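Participant: A predicted structure for the sequence below; I have some questions about it.
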Amino acid sequence: MAPRPLARLLLAWAALTLLATLAVHRAFAMNIDEARPLAVVASVWAGGEVVERAVLAGPGDHDAELEAALASHPGATLVRESIVGDGPVVSWPQVALSMSVLPGRDGIAATMDGRSVLVTPDDLLARQAYDRGIDIKDLELQLGLDVPVLLEMLGDRLGIPANEVLGRAHLRRFRVVRLPQGAPDRLPAAASLSDDDVREATIAAARHLARGVDDRGRFRYLVEAPGNRQLPGYDLPRHAGAAYFLAQVAALSGEEDIGQAALRSAGFLRDHTIVSCGQHRCVGEGAYVDVGSTALTVLAFVEIVRAHLDASYSRVIPELTAFLRSQQRADGDFMHIYDRRKSAPLDVQLLYYSGEAAFALSRAHTLLGDARDLDAATRALARLVHGSWSFFGSNYYWGEEHWTCQAMDDLWDRAPSPDALDFCLGWAAYGRRLMYGADDTSFDADGAYGVGPFVTPRLTPAGSRTEAGIATLDAARRAGRPPEQTAPLEDQLRRTIAMLLRHQLDARVAHLMVDPEAVDGAMPGTEVDWVLRIDYAQHTGSALVRWLDLRSAAPGGNPGDKPGGN
């Protein structure tokens, strides 16, 4: 096609697209006015369920019914949700309905035969219906509203079968602002973030994990928070990481329950998971074991000793670091899998494990002084920051370097690498380009990482990147890097920490939980995905420990002597 007709065609396509966009926006946009709510929905919650609900016409309306419900349900919570916006919703096809609701903010109203019922955001959160509608397995991505759950709830309230709701009822969506009775009136913000805020959140996260350690030393690994329901699955590297975090906070807080939980979880690793790998000892189960399980177990055991919980773990560490060194290749990288049946390593590489091994070997050297561990950690770091990443299909995707940069910081006083510091500063700057800002109003996401308005930002990458970002800031300060390199990073970290604290489960959402105490202090997957995994609390919590260490360290201090174990 000639250039001029093609240009005209493209211009016409752009004009039609703009007109269609404007038409859709005009038809379905929601007018939001938080200063003048359209109505207030008052709900009494007990045991994670609504026991009374009323739409208030004005002050004093329905007070008697609400007070009676509170009186008859000791410990119940009154929650007011102000409806600040209202608009149409696409009800067909169902995928359009699924994608029409803003997670955690929008509910659905249904009107039939002159009667209206509501499904509020709290209702949907309690049923974990957000980000459950569309499952893209290849990308491990879930988004959209779970429409069958929505229709079930609407049908129950209308008194009709769920499969008749779309045909008989008219749907609209609405936006709410919620403030539960007794909830804190100030949420952490980057500008006002205090050390007390961070310390309280750190200890709360550790208490949450500690409550979930059984007598054998195993964690409640995966829990659906609203129902406090344990889900199947387990993972040894994450178990070891959680034990490491508990030991960090035992040193920070001095709380006996946290220290005892750290010892039980470490004891499980020592007594039930250390096996023979040829002539060495390693951590794993079954025929194949991975380097990550051993590396994170070393981190946990080092921290158990450094926290003065049990010095005898220092005798186990050399057996495990010998295995890590035996898995190292000539170029400094590691073979990540060991075949116990054949007594041979498998030269494959996976995410995280080389950075974990470098960090673990460095930490072991600070405790025991074995020069072989220092040499192995130094060579591993050099490999990771020189050529291990080349394109988005590489084994080590650049967005996942959180263990690498912690190793860089830990080695700084013994084997400083300016190249590694430059690598980590560049990695942090790359992360800043993926950060949501305060003007991204789809989510409470200022300081989170992600792209686009449709996918709720995951919180765990924010926690792990913050662990490494604080380590990078620590090394940059000790290296005397100028403020133009450190100031943007510090601002980035403050924003992310404040965001993480805002999403930590606490009294603000306790009314949606069957057992609020069991999940208090936990870190969810996202602001609407409240399936809890132990590494969610660990990564965020270890980042908070590092932040407190950084804030309390004297200028020029040795980070290897800090209580948090940087």
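Facilitator: Now that the structure is in, tell me what you want to look at.
Participant: Where does pLDDT dip in this structure?
Facilitator: 1-30, 139, 179-186, 388-399, 440-441, 554-566 (pLDDT under 70).
Participant: Mind doing that once more with 50?
Facilitator: Counting by pLDDT under 50, the chain has low-confidence residues at 15-28, 554, 556-566.
Participant: helix/strand/coil for residue 173?
Facilitator: Classification of residue 173 using DSSP: H, G, I helix; E, B strand; the rest coil returns strand.
Participant: pretty sure it contacts residue 97?
Facilitator: No. Taking C-beta atoms under 8 Å as the contact criterion, residue 173 and residue 97 are not neighbours in contact, 9.3 Å apart. C-beta coordinates here come from the backbone N, C-alpha and C atoms, glycine included.
Participant: intersection of neighbour lists for these two?
Facilitator: Between them, residue 173 and residue 97 have residue 89 as joint contacts when contacts are counted by C-beta atoms under 8 Å, 6 or more residues apart in numbering.
Participant: Against residue 549, how distant is the spatially closest residue to residue 551 that is not a sequence neighbour?
Facilitator: Setting aside the residues directly before and after it, residue 551 is nearest to residue 195 in space (C-beta to C-beta, 6 or more residues apart in numbering), at 5.7 Å. Relative to residue 549, residue 195 is positioned 11 Å away (C-beta to C-beta, to the nearest Å).
Participant: related to what we said a few turns ago, neighbours around the residue nearest to residue 551, how many?
Facilitator: Residues near residue 195, counting by other C-beta atoms under 10 Å, number 11.
Participant: Quick one: the helices in the stretch 1-150 of the chain, in order.
Facilitator: 3-28, 63-72, 94-98, 121-126, 147-158 (DSSP state H, counting those that start in this stretch).
Participant: in the second one, what counts as buried?
Facilitator: Think helix 63-72. By neighbour count with 16 or more other C-beta atoms under 10 Å, helix 63-72 contains the buried residues 66, 69, 70.
Participant: go on, the shortest one?
Facilitator: Of the residues in helix 94-98, those scored as buried under the neighbour-count criterion (16+ other C-beta under 10 Å) are 94, 97, 98.
Participant: again with the last one
Facilitator: Across helix 147-158, burial judged by 16+ other C-beta under 10 Å covers 147, 149, 150, 151, 152, 153, 154, 155, 157, 158.
Participant: So which of these is the closest to residue 295?
Facilitator: Nearest to residue 295 among those: residue 149, at 40.5 Å, using C-beta to C-beta.
Participant: quick one: that closest one and residue 131 touch, right?
Facilitator: No. Applying C-beta under 8 Å as the test, residue 149 and residue 131 come out as separate, 11.9 Å apart.
Participant: what's the spacing between stretch 542-552 and its chain's center?
Facilitator: Remark: stretch 542-552 is offset 18 Å from the chain centroid, using C-alpha atoms, centre = their mean, to the nearest Å.
Participant: coming back round to it: give me phi/psi at the residue nearest to residue 551?
Facilitator: phi -60, psi -30 (degrees, to the nearest 10).
Participant: next one: residue 482
Facilitator: In this entry, residue 482 is assigned phi and psi values of phi -70, psi 160 (degrees, to the nearest 10).
Participant: now do residue 275
Facilitator: Torsion angles at residue 275 (phi, psi; degrees, to the nearest 10) stand at phi -130, psi 170.
Participant: What residues of stretch 363-378 count as buried?
Facilitator: For stretch 363-378, a neighbour-count test (16+ other C-beta under 10 Å) marks 363, 364, 365, 366, 367, 370, 373, 374, 375, 376, 377, 378 as buried.
Participant: Between the residues you listed, which sits nearest residue 477?
Facilitator: Of all the buried residues of stretch 363-378, residue 366 has the smallest distance to residue 477: 19.3 Å, by C-beta to C-beta.
Participant: C-alpha coordinates for stretch 198-207, CSV please?
Facilitator: Backbone C-alpha positions of stretch 198-207 (Å, rounded to 0.1, in the frame of the first residue of the first chain) are rendered in CSV as follows:
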residue,chain,number,x,y,z
VAL,A,198,8.3,-0.3,61.3
ARG,A,199,9.2,-2.0,64.6
GLU,A,200,5.6,-2.8,65.5
ALA,A,201,4.9,-4.2,62.0
THR,A,202,8.1,-6.3,62.2
ILE,A,203,7.3,-7.9,65.5
ALA,A,204,3.7,-8.4,64.5
ALA,A,205,4.8,-10.3,61.4
ALA,A,206,7.1,-12.5,63.5
ARG,A,207,4.4,-13.2,66.0
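Participant: show me the contacts for residue 521.
Facilitator: Each residue near residue 521 by C-beta under 8 Å, 6+ apart is listed here: 201, 203, 204, 205, 206, 207, 208, 504, 505, 506, 537.
Participant: what do you get for residue 155?
Facilitator: When contacts are counted by C-beta under 8 Å, 6+ apart, residue 155 touches 161, 162, 163, 164, 165.
Participant: Can you say which of these are buried?
Facilitator: The neighbour-count test (16+ other C-beta under 10 Å) marks 162, 165 as buried among these.
Participant: what would the contacts of residue 155 look like in a markdown table with secondary structure?
Facilitator: Output for the contacts of residue 155, formatted as a markdown table (three-state DSSP):
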| residue | secondary structure |
| --- | --- |
| 161 | coil |
| 162 | helix |
| 163 | helix |
| 164 | helix |
| 165 | helix |
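Participant: Just name the closest of the contacts of residue 155 to residue 32, please.
Facilitator: Within these, the smallest distance to residue 32 is 26.0 Å, found for residue 165 (C-beta to C-beta).
Participant: from memory that closest one sits against residue 110, does it?
Facilitator: Yes. In terms of C-beta under 8 Å, residue 165 counts as a neighbour of residue 110; the distance is 6.5 Å.
Participant: any idea how far the residue lying closest to residue 106 once chain neighbours are set aside lies from residue 33?
Facilitator: Leaving aside its sequence neighbours, residue 106 sits nearest to residue 173 (C-beta to C-beta, 6+ apart; 5.0 Å). Here residue 173 is placed at a distance of 16 Å from residue 33 (C-beta to C-beta).
Participant: contacting residues around residue 520?
Facilitator: For residue 520, the contacting residues are 204, 207, 208, 505, 506, 507, 510, taking C-beta under 8 Å, 6+ apart as the criterion.
Participant: what does residue 35 give?
Facilitator: With contacts taken as C-beta under 8 Å, 6+ apart, residue 35 has no neighbouring residues.
Participant: ok, now with 10 Å
Facilitator: With contacts defined as C-beta atoms under 10 Å, 6 or more residues apart in numbering, the neighbours of residue 35 are residue 84.
Participant: gap between it and residue 282?
Facilitator: Applying C-beta to C-beta, the value for residue 35 to residue 282 is 62 Å.
Participant: quick revisit: where do the contact lists of residue 165 and residue 110 overlap?
Facilitator: Between them, residue 165 and residue 110 have 91, 150, 151, 153, 154, 155, 157, 158, 171 as joint contacts when contacts are counted by C-beta under 10 Å, 6+ apart.
Participant: circling back to that earlier point, among the contacts of residue 520, which lie within helices?
Facilitator: Counted as lying in helices by DSSP state H, out of the contacts of residue 520, are 204, 207, 208.
Participant: I'd assumed residue 504 was in contact with the last one.
Facilitator: Meaning residue 208. Yes. With contact taken as C-beta atoms under 10 Å, residue 208 and residue 504 are classed as touching, separated by 9.1 Å.
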